[in-house]
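1. Output the structure for:
(chains A and B)
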Amino acid sequence: DTGVSQNPRHKITKRGQNVTFRCDPISEHNRLYWYRQTLGQGPEFLTYFQNEAQLEKSRLLSDRFSAERPKGSFSTLEIQRTEQGDSAMYLCASSLSGGNTEAFFGQGTRLTVV
Amino acid sequence: GQQVMQIPQYQHVQEGEDFTTYCNSSTTLSNIQWYKQRPGGHPVFLIQLVKSGEVKKQKRLTFQFGEAKKNSSLHITATQTTDVGTYFCAALEYGNKLVFGAGTILRVKS
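-> Residues are numbered from 1 along each chain as shown, chains lettered A, B, ... in the order given. Okay, here's the model as predicted:
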């Protein structure tokens, strides 16, 4: 296993278009997280899954954002009707459940909305 | 939810000098994690602190968790150019989701 994988690495889109990102976690990890990071800030939590169940969504996640993890393995994050304010690095992380475990981050998808 | 404040925002040191970043919370933390993000890279886990007053060392890095579990620090002794990057503290919340500080950017001049 080579770690958490995210695709694409970069995405440039026009305002109003829909985009979808994919995350492949470490195979034995049952928890998967999405974070968003803007320049000069730490990652901000968006949502997380335990297996296929989406257990929590941040208030940061507007109705234009939807995430899925249909078989409890890979996950997708879709942003509909993108806005310039959506430009950011979208990071995926995975971990085991239970207390006190480290998160393994992917390389991220950098989204630029023009 | 929890918030963690991190200072300083930025530090530029001469190679060989020491470096410290501090993390503070207004609420008691169950535990705290530290991550390093290299320029253009992604956050990489360094350590987790759980116990009040805990001190852990990794080579030149020393991590401390305050007695009241409201603050933490990372100290690097004799910085090297390989230490450059942004250091984040993160509080662990229910579900193992992380609340990150804004990070401290470390630049090392050789």
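2. In chain A, where is pLDDT below threshold?
-> Scanning chain A for pLDDT under 70 picks out A:1, A:99-100.
3. Chain B contacts on that one?
-> Counting by C-beta under 8 Å from any C-beta of the partner chain, the residues of chain A close to chain B are A:31, A:33, A:35, A:40-45, A:48, A:50, A:55-56, A:91, A:93, A:95, A:97-108. From N, CA and C alone the C-beta is placed, and that goes for glycine too.
4. Identify the residue of chain A closest to chain B, quick one.
-> With C-beta to the nearest C-beta, the shortest gap between chain A and chain B falls at A:G42, namely 3.0 Å.
5. ranges for the strands of chain B?
-> Here chain B has its strands, by DSSP state E, at B:4-7, B:10-14, B:19-25, B:32-37, B:44-49, B:55-58, B:61-65, B:71-76, B:85-92, B:98-100, B:104-109.
6. now the ones you listed as JSON lines including mean neighbour count?
-> As requested, the strands of chain B are arranged in JSON lines below (neighbours: other C-beta atoms under 10 Å in any protein chain shown):
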{"stretch": "strand B:4-7", "mean neighbour count": "18"}
{"stretch": "strand B:10-14", "mean neighbour count": "13"}
{"stretch": "strand B:19-25", "mean neighbour count": "21"}
{"stretch": "strand B:32-37", "mean neighbour count": "24"}
{"stretch": "strand B:44-49", "mean neighbour count": "18"}
{"stretch": "strand B:55-58", "mean neighbour count": "13"}
{"stretch": "strand B:61-65", "mean neighbour count": "20"}
{"stretch": "strand B:71-76", "mean neighbour count": "20"}
{"stretch": "strand B:85-92", "mean neighbour count": "25"}
{"stretch": "strand B:98-100", "mean neighbour count": "23"}
{"stretch": "strand B:104-109", "mean neighbour count": "18"}
